[in-house]
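Novice: structure for this input, please:
(2 chains)
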Amino acid sequence: MVKRQTAILRRARPAPPFWEIHLALEQPPEPGAYVLADLGGPLREPLFPSEIDSAGFVAAVPPGHPALRLLPGAEIDVIGPLGRGFRLNPDGHPLARLLLVAQVGFVPFLQPLFQAAPAVALVVEATTRAQLPAPTRFPPTLELTLVTLDGSAGYLGPLEAEGAVPSGLERAGPRLRELIAWTERACFAFELDRYPALAQCVSEVRIQPQADLAQALVRVPMPCGVGACDACRVATQRGERQACVDGPVFDLLAFRRE
Amino acid sequence: MVELAPRHKYGLTLTVPVMPASGTFGYGDAYQDLVDVALLGAVVTNPVSLRSRRTAQGRRIGVRGDAFVVHTGWPNPGLNRVIRTYSETWERLPIPVIVHLLASRPEEVAQTAARLSGVAGVAGIELGFPATISVRDARATVEAAANEGDLPVIAKIPFGRVERLAPILAAHGADALTLTAPPRAVLPVRDERAGAVARFMRGRLYGAALFPLLLDTLSYWARRLPVPVIACGGIASPEDALACLTLGAAAVQIDALLWREPALLDTVARALVQPQKPDSVLAESSTEQPGMEDEE
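Specialist: Numbering: from 1, shown residues only, chains lettered A, B, ... in the order given. Prediction:
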């Protein structure tokens, strides 16, 4: 049942390169799910949780986001929670090992999962070293792997690439495959066009992987949130799906190339 | 009660002159938790084509100020699958369903109109045309829908084509006209990494700023056309809807503005079923165009 709620903006604080807005909300979205907030523009804005607690949730938004024009105490009309988020233990068994893989700008979408299992590994890919977040920003229990596209820090990306590399550098692909081999669940947050190659990585490492072994968060505009407008359709192996209601988290393998 | 198809053998009667515009409300049940459908006069479905259509590539949404451009390519699974999936929903709805058909070629529209004639719950067809359709093709399409199907036919006139198309389609089979489809618009798309305009997106323009353009169209055409007119474009409040009815529209369609405020449909519907006290400016005149002041 889709419902309307009133969120109250508690505070906003910088968390470079984002701002974190704290919202009090009776029923916050699960990790990977979202609410649509009326922030004064012609369309509602999706807000995804980067932290969730009993009083509400925190959303990471870019500088200039319309939520940052509001003052603490402002009431925000939201629709939701909406969509299907990450499905970590649908059979009820606690998860022991979890792998999170994200482009640097998408890390906040996976942040609510940082402590979702006793062993969590996080792979962050950035263009260059300056974009990488400081390792001190992550919980010490997190097994962190850094990847840069120019090789300036960590492994050499992109994650799905293979082949020879200059001496002194190490490809990220084998490291990702190693992590995929042992994980119980893997959650990805990337631009949509990266998913076919990442799905290929998973299907090469795991033989007959179970459904939802690897899950992918899809970030596309979702103006209506209820499957009415068709603006958020994405192509999957099972035909086109609406990210706003069928996702925004999909089985990564649905994006495999035929 | 409003009769949208007084010339048609079955007619198309609405208890309330309010409905969502095509492409904004899904196929009838998407907003079931947020909108009380029973309050509305009808539901207009998302566009349906004879064969399935895939979604458009590239940018789908662009925002500029209070307006936005949408480009979806009208994806849909094709007529037969839409009927299989939604006919039970349509039958269950307490209000008439108007299926919006993408008017591609007259032969295809004839097939789709004939196929829809026996579907329970479907009470009418709305035809959507390409923005540049010729008068001859539009007329042939409307005639095909009217002759091959049993349902009342509403023609949704492309923006800026009212003068060329509306009188002719009203004279050749359209039981009602929707004025108008959203204008086509182009927005520059910025490449965030390069910090410059990389390409452009073209699509349907929505926003409250369309409303004065709608009133301009209605003020001239609503009482000059021989069939009922449905007003569509930027209606954002009960007062807007009432202004359209005052200028001669028989009913109103709420367009993509309902994505921000789904309750707009309920609010307008409730306001229009209650006795109205029209705005004094609109009520002053009893001329052909009520309340219309002199042109500059």
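
Novice: quick one: contacts for residue 143?
Specialist: You didn't say which chain, so I picked chain A. Listed by C-beta atoms under 8 Å, 6 or more residues apart in numbering or on different chains, the contact set of A:Glu143 reads A:119-122. All C-beta atoms are positioned from the backbone trio N, CA, C, and that covers glycine.

Novice: my bad, the chain I had in mind was chain B
Specialist: Contact analysis of B:Glu143 by C-beta under 8 Å, 6+ apart lists B:106, B:172-173.

Novice: what residues does the nearest residue to A:Arg10 once chain neighbours are set aside make contact with?
Specialist: Excluding its sequence neighbours, the residue lying closest to A:Arg10 (C-beta to C-beta, 6 or more residues apart in numbering or on different chains) is A:His22, at 4.1 Å. Neighbouring residues of A:His22 by C-beta under 8 Å, 6+ apart: A:9-13, A:56-58.

Novice: reformat the contacts of A:Glu143 as a markdown table; add pLDDT.
Specialist: Shown next, in a markdown table, are the contacts of A:Glu143 (pLDDT from 0 to 100):
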| residue | pLDDT |
| --- | --- |
| A:Ala119 | 94 |
| A:Val120 | 95 |
| A:Ala121 | 96 |
| A:Leu122 | 96 |
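
Novice: and those, which are buried?
Specialist: Taking 16 or more other C-beta atoms under 10 Å in any protein chain shown as the criterion, what is buried in these is A:120-122.

Novice: among the residues you listed, name the ones in strands.
Specialist: A:120-122 (DSSP state E).

Novice: what's the closest of the residues you listed to chain B?
Specialist: Nearest to chain B among these, counting by C-beta to the nearest C-beta, is A:Leu122 at 24.2 Å.

Novice: not counting sequence-adjacent ones, nearest residue to the closest one?
Specialist: For A:Leu122, ignoring the flanking residues on the chain, the nearest one in space by C-beta to C-beta, 6+ apart is A:Leu100 at 4.7 Å.

Novice: of all of the stretch 151-296 of chain B, which residue lies closest to chain A?
Specialist: As assessed by C-beta to the nearest C-beta, chain A sits closest to B:Trp259 within the stretch 151-296 of chain B, at 4.5 Å.

Novice: what residues does chain A have near chain B?
Specialist: Chain A has residues A:1-4, A:38, A:41-44, A:79, A:220-221, A:223-224, A:226-233, A:235, A:240 near chain B, with proximity defined as C-beta under 8 Å from any C-beta of the partner chain.

Novice: let me see the ranges of the helices in the stretch 51-200 of chain A.
Specialist: Per DSSP state H, counting those that start in this stretch, the stretch 51-200 of chain A carries helices over the ranges A:107-110, A:172-182, A:195-205.

Novice: just those: most buried one?
Specialist: Highest mean neighbour count of these: helix A:107-110, a mean of 24 (counted as mean count of other C-beta atoms under 10 Å in any protein chain shown).

Novice: what's it packed up against?
Specialist: Judged by 3 or more C-beta pairs under 8 Å, 6 or more residues apart in numbering or on different chains; DSSP states H and E, the packing partners of helix A:107-110 are strand A:97-103, strand A:119-126, strand A:185-189.

Novice: domain ranges for chain A?
Specialist: Chain A breaks down by automatic domain parsing into domains covering A:4-82, A:97-255.

Novice: now stretch A:103-123: how far from the chain's centre is it?
Specialist: Centre-to-centre, stretch A:103-123 and its host chain are 8 Å apart (C-alpha atoms, centre = their mean, to the nearest Å).

Novice: what about that stretch, how long is it end to end?
Specialist: Start-to-end span of stretch A:103-123 (C-alpha to C-alpha, to the nearest Å) is 8 Å.

Novice: now do stretch B:255-266
Specialist: Taking C-alpha to C-alpha, stretch B:255-266 runs 13 Å from one end to the other.

Novice: any idea how far chain B is from the closest residue to A:Asp150 other than its chain neighbours?
Specialist: Distance criterion C-beta to C-beta, 6+ apart; nearest residue to A:Asp150, sequence neighbours excluded, is A:Thr128 at 5.1 Å. A:Thr128 sits 13 Å away from chain B when distances are taken as C-beta to the nearest C-beta, to the nearest Å.

Novice: what's the answer for A:Leu146, then?
Specialist: 21 Å.

Novice: name whatever forms a beta bridge with that residue.
Specialist: A:Leu146 has the following beta-bridge partners by DSSP bridges: A:Val124.

Novice: count of neighbours near it?
Specialist: Number of residues near A:Leu146 (other C-beta atoms under 10 Å in any protein chain shown) recorded here: 19.

Novice: residues contacting it?
Specialist: Applying C-beta under 8 Å, 6+ apart, we find A:Leu146 in contact with A:124, A:126, A:132, A:135, A:153-155.

Novice: let's verify whichever residue of the stretch 1-150 of chain A sits closest to chain B: helix, strand, or coil?
Specialist: Distances between the stretch 1-150 of chain A and chain B by C-beta to the nearest C-beta are smallest at A:Val2, namely 4.0 Å. Counting by DSSP: H, G, I helix; E, B strand; the rest coil, the backbone at A:Val2 sits in coil.
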